[in-house]
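Asks: Sharing a model that was predicted from the sequence below.
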Amino acid sequence: MTLPALNVETVGREMYSLAENLFPICRSMTGAGVRETLVRLQEHVPLEIHEVPTGTKVFDWEIPKEWNIRDAFIKGSNGRRILDFRQSNLHVVSGSVPINETMHWSRLKDHLHTLPEQPDLIPYRTCFHDEGWGFSLPHVLFEALQAAGDNAYEVCIDSSWQDGSLTYGEVFLPGESDDEVLLTTHVCHPSLANDNLSGIAVATYLAQWLAKIPRRYSYRVIYIPATIGAITWLSLNQNRVDKIKHGLVLALLGDAGCSTYRKCRREDAEINRVVSHVLAHAGADFRVSRFEPFGYDQRQFCSPGFDLPIGCLMRSPDGGFSEYHTSADNLQFIHPDYLADSLRKCVEIVKVLEGNRTYINQNPRCEPRLGKRGLYRAFGCDEDQIRLQQAVLWVLNLSDGEYSLLDIAVRSESSFGEIRRAADTLVSCGLLEEKLPGDKCQKSNNVAP
Amino acid sequence: MTLPALNVETVGREMYSLAENLFPICRSMTGAGVRETLVRLQEHVPLEIHEVPTGTKVFDWEIPKEWNIRDAFIKGSNGRRILDFRQSNLHVVSGSVPINETMHWSRLKDHLHTLPEQPDLIPYRTCFHDEGWGFSLPHVLFEALQAAGDNAYEVCIDSSWQDGSLTYGEVFLPGESDDEVLLTTHVCHPSLANDNLSGIAVATYLAQWLAKIPRRYSYRVIYIPATIGAITWLSLNQNRVDKIKHGLVLALLGDAGCSTYRKCRREDAEINRVVSHVLAHAGADFRVSRFEPFGYDQRQFCSPGFDLPIGCLMRSPDGGFSEYHTSADNLQFIHPDYLADSLRKCVEIVKVLEGNRTYINQNPRCEPRLGKRGLYRAFGCDEDQIRLQQAVLWVLNLSDGEYSLLDIAVRSESSFGEIRRAADTLVSCGLLEEKLPGDKCQKSNNVAP
Amino acid sequence: MTLPALNVETVGREMYSLAENLFPICRSMTGAGVRETLVRLQEHVPLEIHEVPTGTKVFDWEIPKEWNIRDAFIKGSNGRRILDFRQSNLHVVSGSVPINETMHWSRLKDHLHTLPEQPDLIPYRTCFHDEGWGFSLPHVLFEALQAAGDNAYEVCIDSSWQDGSLTYGEVFLPGESDDEVLLTTHVCHPSLANDNLSGIAVATYLAQWLAKIPRRYSYRVIYIPATIGAITWLSLNQNRVDKIKHGLVLALLGDAGCSTYRKCRREDAEINRVVSHVLAHAGADFRVSRFEPFGYDQRQFCSPGFDLPIGCLMRSPDGGFSEYHTSADNLQFIHPDYLADSLRKCVEIVKVLEGNRTYINQNPRCEPRLGKRGLYRAFGCDEDQIRLQQAVLWVLNLSDGEYSLLDIAVRSESSFGEIRRAADTLVSCGLLEEKLPGDKCQKSNNVAP
């Protein structure tokens, strides 16, 4: 199985460009921002856009009204915009109800959010579940206004909550089998680069690559608003979830931190073992952390009524870096190289998922004669040949129908790639055959003639 | 489930007073000392006293004759008591046959026991299984007598071995269920404070507290002579032991050492997990040590024909401190604070046993909407609220009928109390229901409508 | 079970003498060297010699022609032997086809093998699978010849490849049971002391000792050429391998390195646990390493169609010392003391295999009265008595039919010998009976009258 190579450098720059392109859009849980984002992604992948009407019941929830915003500001008495939505969409608390009033500082300040410990940054805030409104701003600006006394300000949020729909996107790439790998990324954050756009970019270019390869599994990539989007998708696809054999939530993939994998709920799930293996053999620091029922949409996919084998791939984890949910999570915070590194690891994960099969050694009693099959060189060997020979011996020894190639890689402390290569060699000379669904395992001491 | 609070300081002083009250009594395997001790305990708990006659067969053993002692001394030629039972009942080897003779040092000295390496202390010695007699004394005194030459001494032990009975006490506190928690402490040691009275005091005040709470389990507290008492009790209660679901041997609970738990034979017993969890979350050093078939009455309760889930809670373990089985294990060696700390841990253990149930999430597909049930605050949170929210998410995620609340506490690395509080909250709003004996576990991917 | 003691010092010297005696013989995969070696071993053990004809099919392989060599040399123009097979049989690449030509250095040098990084040593080389020939020599000599220019040399290898047979030896020592322990060592290396003769010597003296003891298991010791010999033996004994319950490949047992055990493929095999236990209690450094499907004849015995529980006992492992497969693996590299230490460990392993049985406590409810059976001393005890008493209590406690004596030794962190001694004591006083094949385990709480 030779797969198209990934030009990591080129692709890194392309993913970064995509992030630049999408950065200015004011996304939210619902509304024009998500829709515009998905339309632009259709230039890159065959993405189908779904609209689910306000009021639709989705499990314990209901699709909310659609929120949209056109403009927002705070003006001083001189009519100048002190705070301007057009400068940064983070200035408005996402989900704010419309307001258009002149009010004094003493009232206004209760609607302002800052980060006193990071006084130059604008925090990202939301209020979807109550009829509130608010602005976010650097704490230094708050203090300057505070010092100016109880002045009157013109306060405007030109937003609307109206019947509409929740919007999400889906790319489906059929494979040999109906069994699916689900890849999911959220599309509900405004101008935040790592916490949203990095996941969108990696998911999109991974889908592009997947579209080009022969696929054993079918792949579904979904672009959904966090929480309500995952709940909606699961509600609409209940009859399909038992096809999902593996999956990944993709998020926070563009920063300089080392790769972090958060396991899915089922400790022994293959996806947990695959990602752990890939990260361990990627030649760089990494973290594998336990499942937790909070943080991104594993909350929904791993809820006990679904318990899907869906892990979460990140670099610095959510809440684990100071730029998280602030205006510092901008285009300078992510880099083409880190996006490319994340994509490369996703590709490796897919390669293991695709290539992890179980074989039966066709010559199980004693070693087969490798020499007559050209698999053994009598005198001396370079390092690479020695490793391949050892991999061949491991695959022959453990291919009794109980060990998958990943099991063999783990037990032999080899990389999956080496083991896969050894298996390919052995298949090509007839020493190995794939175990089919009905096949039994070889029994130990099964030596009757 | 709100339980009566424990006024630890008051109770510590009361337990210490009880130990002071019982300290002078000369307890032994059988006889008046045990009986008197149990009678005094009846002032504190509804204790029933049982008498098992000499000669009764109990498994491989037989109830021995009853041993009693009134006086004992060694007098010099001037008629003065050099050694006086009235000064310390440790001076007489417990179980000594009567003697009343004048004999020379050269013979007497073979009946004397000392601790050359702790020359000021009197050792505690017994001779129940042969017709011997002896005295214990400080090694310094032994050396002074040795130096005085082969003088004659009047030697008297006014003891008796006669048909009588083995005496033990039992407090039974019925609960909702016939299933029992067995608490046991030994009552056969003379004036030793930690190795006997501390266990008696904690068991008694734990029983007092248990009497006041609503009980899911029934509780049985037994006050028995070590070894033969446990064998006797098991022999008389063979038809009842299958009701025992958990248990603790209580001993050595008043010294300054850190809490030590010795596991029961079954490694995976719930009591092992409960005590380990409670000690790990008690905010102090602790030890959990492997099961060993020696040391206190776990020898009997965990013998292979019973294999009961009964661990042993101590502070410094038996044989693990230099005062053990000497006159230095006196009322100065124990302290109200340590008794209270031990009792507090027993209460925590009971709380986990009582509160450890298994629930079923009633909204297993995706998260329930916590906000509409008042369980979620949209903006900001204090530390305690965040922990409760996380505990709520853990309980919802893992309550599939396979995980008990203790399992959830362990997997989530939370304290049982936090998890129990989260479960109470979720039960009260209908999101959780207790799993009943006939209920099946939720299956993964059990998502059919 | 008292077994004949091993006079380790005497036996060490005898094993070393045997190695000295066999060292000069030029062994190879087949031929007179192996045959002569086995004939000499018949003076020590009742060894049966088997000949398997050239051309016999053995699984994927076939018995090759027989290789023999009488002489070989390289002569300079003055007729003096520059390289002389009679000086060291390592000088000829094992399996070389005959040659008798005068040739120039420019051609000759392509047939010469040296170790540039160990310039004074002769490497051990083979060419069994192609029609080649070659000489091995110290790199310093190679360089001197190289410096001498393109001289002509008389090159002679007086060898032959002819129909004949593969030769191997077998010692069979029947025991009470048909179940077998297989001990195997290779006999195909020329003058190498550690990598061949040490294993032969230890296997032979172990067989001598086994012949003298009462045996529960039958023992089979096979002396075979590596790889093809193991394949041949397995092919001829397919109907017998299910009798093999435990086994060891014996190799590299005479050097100063610490003992190393390489596990067999089945992680939980008793032989893995036994050898690990013996080495851990031998009072010296040791290594236990994972199974690998390369290295000595575990490759064949642990191939998936057999998966026999056969580990490998060594000192410094194959490839793990610089003398490996060079002329420095000579009689100075091994020592009687190390041979004796290896043999002593083999004897301990056999003792555990022979003595590891499962018993049932005949007095499972509460402790039995040890005193009346003379098993308990009331006052004081020396260290050894205390350890025996504790071992007695462990054996009583865990002998419920689930724990073998080895299981008990492991759980109690005792040596197998202590546990075995305690069990013997308990058997002799009727408290323990061996579990027979049909017996059930005692159930926990199995206390019905």
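Replies: Looks like it arrived, so ask away. Values in this document were obtained by computation on a predicted structure and should not be read as measured data.

Asks: make it CA atoms for all contacts and neighbour counts henceforth
Replies: Noted.

Asks: got the contact list for residue A:368?
Replies: The contact partners of residue A:368, taken as CA atoms under 8 Å, 6 or more residues apart in numbering or on different chains, are C:60, C:61.

Asks: nope, residue A:430 is what I was after
Replies: Under the criterion of CA under 8 Å, 6+ apart, the contact list for residue A:430 reads residue A:362.

Asks: so how far is chain B from it?
Replies: Counting by CA to the nearest CA, to the nearest Å, the gap between residue A:430 and chain B amounts to 38 Å.

Asks: Please apply the same query to residue A:100.
Replies: Using CA to the nearest CA, one gets 23 Å for the distance from residue A:100 to chain B.

Asks: ok, residues contacting the host helix or strand of that residue?
Replies: With secondary structure defined by DSSP states H and E, residue A:100 is part of strand A:99-104. Around strand A:99-104, the neighbours that count as contacts under CA under 8 Å, 6+ apart are A:133, A:150, A:151, A:152, A:153, A:154, A:155, A:156, A:157, A:158.

Asks: Which one of these is nearest to chain B?
Replies: Proximity to chain B was ranked across the contacts of strand A:99-104 by CA to the nearest CA; first place goes to residue A:133, at 12.1 Å.

Asks: To what extent is the spatially closest residue to the closest one that is not a sequence neighbour buried, counted in neighbours?
Replies: In space, residue A:133 comes closest to residue A:96 once its chain neighbours are excluded; the distance is 4.0 Å by CA to CA, 6 or more residues apart in numbering or on different chains. The tally of other residues near residue A:96 (other CA atoms under 10 Å in any protein chain shown) stands at 25.

Asks: What score does residue A:96 have for pLDDT?
Replies: pLDDT for residue A:96: 97.

Asks: before we move on, the earlier item: so of the contacts of strand A:99-104, which ones are in strands?
Replies: Under the assignment DSSP state E, those contribute A:152, A:153, A:154, A:155, A:156, A:157, A:158 to strands.

Asks: how far away is the residue nearest to residue A:133 from chain C?
Replies: With distances defined as CA to the nearest CA, the gap from residue A:96 to chain C amounts to 62 Å.

Asks: Name the nearest of the ones in strands among the contacts of strand A:99-104 relative to residue B:258.
Replies: residue A:157 (61.8 Å; CA to CA).

Asks: what about the closest one, distance to residue A:74?
Replies: 9 Å (CA to CA, to the nearest Å).

Asks: Please apply the same query to residue A:177.
Replies: According to CA to CA, residue A:177 stands 56 Å off from residue A:74.

Asks: okay, now the residue in the stretch 151-300 of chain A positioned nearest to chain B: neighbour count?
Replies: Sorted by distance to chain B under CA to the nearest CA, the residues of the stretch 151-300 of chain A start with residue A:300, at 4.4 Å. Neighbour count of residue A:300, defined by other CA under 10 Å: 28.

Asks: buried ones in the host helix or strand of it?
Replies: Per DSSP H and E, residue A:300 falls inside helix A:298-301. With burial defined by 16 or more other CA atoms under 10 Å in any protein chain shown, the residues of helix A:298-301 counted as buried are A:298, A:299, A:300, A:301.

Asks: what does it contact?
Replies: Under the criterion CA under 8 Å, 6+ apart, external residues in contact with helix A:298-301 comprise A:227, A:230-231, A:234, A:249, A:264, A:293, A:307-308, A:310-312, B:365-367.

Asks: swap the cut-off to 6 Å and go again
Replies: By CA atoms under 6 Å, 6 or more residues apart in numbering or on different chains, the list of residues contacting helix A:298-301 from outside reads A:293, A:308, B:366.

Asks: Now do the helices in chain A.
Replies: According to DSSP state H, chain A carries its helices in the segments A:8-22, A:32-41, A:105-108, A:139-147, A:199-212, A:228-236, A:270-280, A:298-301, A:336-355, A:383-398, A:405-412, A:416-428.

Asks: If you average pLDDT over each of those helices, which is lowest?
Replies: helix A:383-398 (a mean of 91).

Asks: what angle sits between that one and helix A:405-412?
Replies: Taking axes from the mean of the first three to the mean of the last three CA atoms, to 10 degrees, one finds helix A:383-398 and helix A:405-412 inclined to each other by 110 degrees.

Asks: Check which helices and strands helix A:383-398 is in contact with.
Replies: Using 3 or more CA pairs under 6 Å, 6 or more residues apart in numbering or on different chains; DSSP states H and E as the contact criterion, the elements in contact with helix A:383-398 are helix A:416-428.

Asks: Give the buried residues for the helix it packs on.
Replies: For helix A:416-428, the neighbour count (16+ other CA under 10 Å) marks A:416, A:417, A:418, A:419, A:420, A:422, A:423, A:425, A:426, A:427 as buried.

Asks: Since that was my last question, I'll sign off now.
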